[in-house]
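In: sequence-free structure coming up:
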């Protein structure tokens, strides 16, 4: 098990390495640079900017420097430059050694567009917002999807079942770019229950979370239903019923426990999908999360931000999948790693 | 020979063959089952209407989709204002809409007929719904078949590429790809060069070519995995062995023997993925990397409409309704196809 997880971790680094090469090549292949303007900058200024950000270096050196600044940790001591805290993701004060040494690791570089901020600053400020939104959406998805699925499975092949699954198909069919404006119109403009947009209060989080979570709740509902139906046909359920157990106990203790295994394991990738998929919702509801950097970094050729976001989200996706496999083995003892 | 067999007399204990019920092919059987599924038939009808709407758009559309009547911008007919009364101007409070019954569904902020734009917009989603799966099947089949049939190192290598592609955040990758295509091939290039040709093809298709490429390149992995799994299970079957014993070549075995046998699951998987392709196009149009204006796409119309949702809700609502109906129809059809082609899966998820 430990060996398996270790191997998967090594694999993750290989994946991130390949992704970094592909992204780096692709983004430098796009014509234009970060300092192109409608009215071009004077050549001297452009030269200085390129020098400052090392954009005049050979492309291979740029890549090697970039990877180096991420992978290689650094210990600084003596008089600490404050900006270093912004450059690096991890800044840990070491309790030993001379002159307050600090261990620093993972430097994603500066942002070319928001000149006063580093990529890590952007992550620190904006990622938690996307994260909170993703968590809220996941809560909505679970609160709607799992009960709907259980209900449909228990009322299998009745009108309720068809109705429940109809709602589920509805959820799968409607992309966020439809649900978000609709919710906004009915609940904010017409009924005036919650604010139209913005971020910071609980009321403002409700609509985006529902818009984002609704489609995923449909996926959860279908999965729960299918899994529970399969479990309900198992022998041990018949045994439990045969020995006179109340139906409530059969369902809640015996059936749900095993029926939830596939559902629990999908929550990881689901959360990853929710966090990486917040872009449209953030745009429509004016939420200052990571979403807007998806597009502005690409159109503005903000190379470090493009690289940082892709790498971070890729790592997130790979970790979520790893978590699923481990969770599977933990929940279902029949699965063994070799 | 055949004639003799058909009019068979009892030979050695075999009773008359004519009493054996006529066997039904897999496909005939599947189609019969599909038409018994009400939801799937409803989906099919909606899609047929959509196809008719797209093909005959110039005849059906009451007005041109590009003509701007700027004096009549943001206007709506009476019946819409009755549904959304907050749009009607009432002195200082209330809305800003111009009531104009000439346009069935009103006009947008440039005074273009909304209904005509929705009718023409059906072409875009339909193109995506047809070409998206084709690109994904072509790439997925090629890679999945090579991996499944080749086995060993080739299989391992190709599947690791699939794993890596899966780790890419799709939205980010597709934005990056679109930016790459648009700026690399979109500008002025020497006539005759590849970049020039690519740019010309895309311009001729109203910006659709790069959308197809972008969608295709980011969504073939699932298909490749499915094909590989199917090929792996079929490879060991007797009929493949028989074909090989008869001296059939590998490409011929793959295309003429294995492919027809794995087609069912592929079609089901692709039909269920079509809504995803349509929503990708809508998403790309939403962020301004989609079709070139003034070509209408439901995604770009929803995007424009959602900016003025509080003052002119109908501008986002009607294209959203159209997009929703088509996605709904594809989901119903996909579910129906799955039940029809694989009866064991019935009622599962």
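Out: Structure's in. What do you need? Note that the coordinates shown come from a computational prediction; the quantities given were computed from them, not determined experimentally.

In: can you pull out the strands in the stretch 1-150 of chain A?
Out: All strands of the stretch 1-150 of chain A, identified by DSSP state E, counting those that start in this stretch, fall at A:74-76, A:88-93, A:102-107.

In: got the residues of the stretch 51-200 of chain B near chain A?
Out: Taking C-beta under 8 Å from any C-beta of the partner chain as the criterion, the neighbours of chain A within the stretch 51-200 of chain B are B:86, B:163-164, B:166-169, B:171-173, B:175-177, B:179-180, B:183-184, B:187. The C-beta positions use only the backbone N, C-alpha and C, and glycine is treated the same way.

In: Quick one: name the residues of the stretch 201-338 of chain A near chain B.
Out: A:222-223, A:225-226, A:229-230, A:276-277, A:279-280, A:283-284, A:294-295, A:298-299, A:306, A:309-310, A:313-314, A:317-318.

In: Please repeat the previous calculation with a cut-off of 7 Å.
Out: Residues of the stretch 201-338 of chain A lying near chain B by C-beta under 7 Å from any C-beta of the partner chain: A:222-223, A:225-226, A:276-277, A:279-280, A:284, A:294-295, A:298-299, A:306, A:309-310, A:313-314, A:317-318.

In: which ones are touching residue B:62?
Out: Contacts of residue B:62 were listed using C-beta atoms under 7 Å, 6 or more residues apart in numbering or on different chains, and they are B:104, B:113, B:115-116.

In: now residue B:265
Out: By C-beta under 7 Å, 6+ apart, residue B:265 lies in contact with B:226, B:230.

In: Please report the distance of it from chain A.
Out: Using C-beta to the nearest C-beta, to the nearest Å, we find residue B:265 at a distance of 17 Å from chain A.

In: same check, this time on residue B:107
Out: 18 Å.

In: Give me the neighbour count for the residue lying closest to that residue once chain neighbours are set aside.
Out: In space, and not counting its chain neighbours, residue B:107 is closest to residue B:75: 5.0 Å by C-beta to C-beta, 6 or more residues apart in numbering or on different chains. With neighbours defined by other C-beta atoms under 10 Å in any protein chain shown, the count for residue B:75 comes to 22.

In: Likewise for residue A:157?
Out: Using other C-beta under 10 Å, residue A:157 is surrounded by 10 other residues.

In: Name the residues that touch stretch B:149-162?
Out: Stretch B:149-162 is touched from outside by B:143, B:146-148, B:221, B:224-225, B:231, B:235, B:254, with contacts defined as C-beta under 7 Å, 6+ apart.

In: Which parts of it count as buried, going by neighbours?
Out: Of the residues in stretch B:149-162, B:149-150, B:155, B:158-159, B:162 count as buried by neighbour count, 16 or more other C-beta atoms under 10 Å in any protein chain shown.

In: now stretch B:312-329
Out: Buried-residue list, stretch B:312-329, by 16+ other C-beta under 10 Å: B:312-320, B:322-329.

In: now stretch A:323-333
Out: By 16+ other C-beta under 10 Å, the buried positions in stretch A:323-333 come out as A:323-327, A:329.

In: Also stretch B:211-230?
Out: Using 16+ other C-beta under 10 Å as the test for burial, stretch B:211-230 gives B:211-228, B:230.

In: residue ranges of the helices in the stretch 1-150 of chain A, please?
Out: With helices called from DSSP state H, counting those that start in this stretch, the stretch 1-150 of chain A shows them at A:2-29, A:43-52, A:59-71, A:83-87, A:119-154.

In: ok so residue B:63 is a strand residue?
Out: No - counting by DSSP: H, G, I helix; E, B strand; the rest coil, residue B:63 is not part of a strand but coil.

In: That one touches residue B:117, doesn't it?
Out: No - shown here, residue B:63 and residue B:117 do not form a contact pair, counting by C-beta atoms under 7 Å, at 9.2 Å.

In: These two: which is more packed in?
Out: Neighbour totals were compared for residue B:63 and residue B:117, and residue B:117 leads with 26 against 18 (other C-beta under 10 Å).

In: got the buried residues for stretch B:31-51?
Out: B:33-34, B:37, B:39-40, B:43-44, B:46-47, B:50.

In: er, stretch A:104-120 I mean
Out: Buried residues in stretch A:104-120, counting neighbours by 16+ other C-beta under 10 Å, are found at A:104, A:106-114, A:118-120.

In: Name the nearest of those relative to residue A:31.
Out: Nearest to residue A:31 among the buried residues of stretch A:104-120: residue A:112, at 16.2 Å, using C-beta to C-beta.

In: give me every residue that touches that closest one.
Out: Going by C-beta under 7 Å, 6+ apart, the list of residues near residue A:112 reads A:34, A:53, A:302-304.

In: Find the pair from these with maximum spatial separation.
Out: The widest separation within the contacts of residue A:112 (C-beta to C-beta) is 10.7 Å, between A:53 and A:302.

In: More neighbours: which of those two?
Out: residue A:302 (23 against 18).

In: Torsion angles phi and psi at that one?
Out: The phi and psi torsions at residue A:302 (degrees, to the nearest 10) take the values phi -80, psi 80.

In: What separation do you get for it and chain B?
Out: 12 Å.

In: Equivalent analysis for residue A:184, please.
Out: From residue A:184 across to chain B, the span is 6 Å (C-beta to the nearest C-beta).

In: how many neighbours does that residue have?
Out: Residue neighbour count, defined by other C-beta under 10 Å, stands at 25 for residue A:184.

In: Might you report the residue contacts of it?
Out: Here residue A:184 is in contact with A:196, A:207, A:284, B:309 (C-beta under 7 Å, 6+ apart).

In: Pick out the most distant pair among the residues you listed.
Out: A:207 and B:309, at 12.1 Å, using C-beta to C-beta across these.

In: Low-confidence bits of the stretch 51-200 of chain B, can you list those?
Out: For the stretch 51-200 of chain B, the stretches flagged by pLDDT under 70 are B:89-95, B:185-193.

In: what sits against the closest residue to chain A within the stretch 51-200 of chain B?
Out: When you check the stretch 51-200 of chain B against chain A by C-beta to the nearest C-beta, the closest residue turns out to be residue B:169, at 4.0 Å. By C-beta under 7 Å, 6+ apart, the residues touching residue B:169 are A:276, A:310, A:313-314, A:317.

In: Distance check, residue A:277 against residue A:21.
Out: Using C-beta to C-beta, to the nearest Å, residue A:277 is found at 25 Å from residue A:21.

In: and those two? which has more neighbours close in?
Out: residue A:277 (22 against 12).

In: mind listing what the nearest residue to the more buried one once chain neighbours are set aside touches?
Out: Closest residue in space to residue A:277, ignoring its immediate chain neighbours: residue B:171 at 6.5 Å, by C-beta to C-beta, 6+ apart. Neighbour list for residue B:171: A:276-277, A:279, A:294 [criterion: C-beta under 7 Å, 6+ apart].

In: Same check on residue B:335?
Out: residue B:40.

In: That one in helix, strand or coil?
Out: Residue B:335 ends up helix, using three-state DSSP.

In: Ok, the one 4 residues further on next?
Out: On the three-state scheme (three-state DSSP), residue B:339 is labelled helix.
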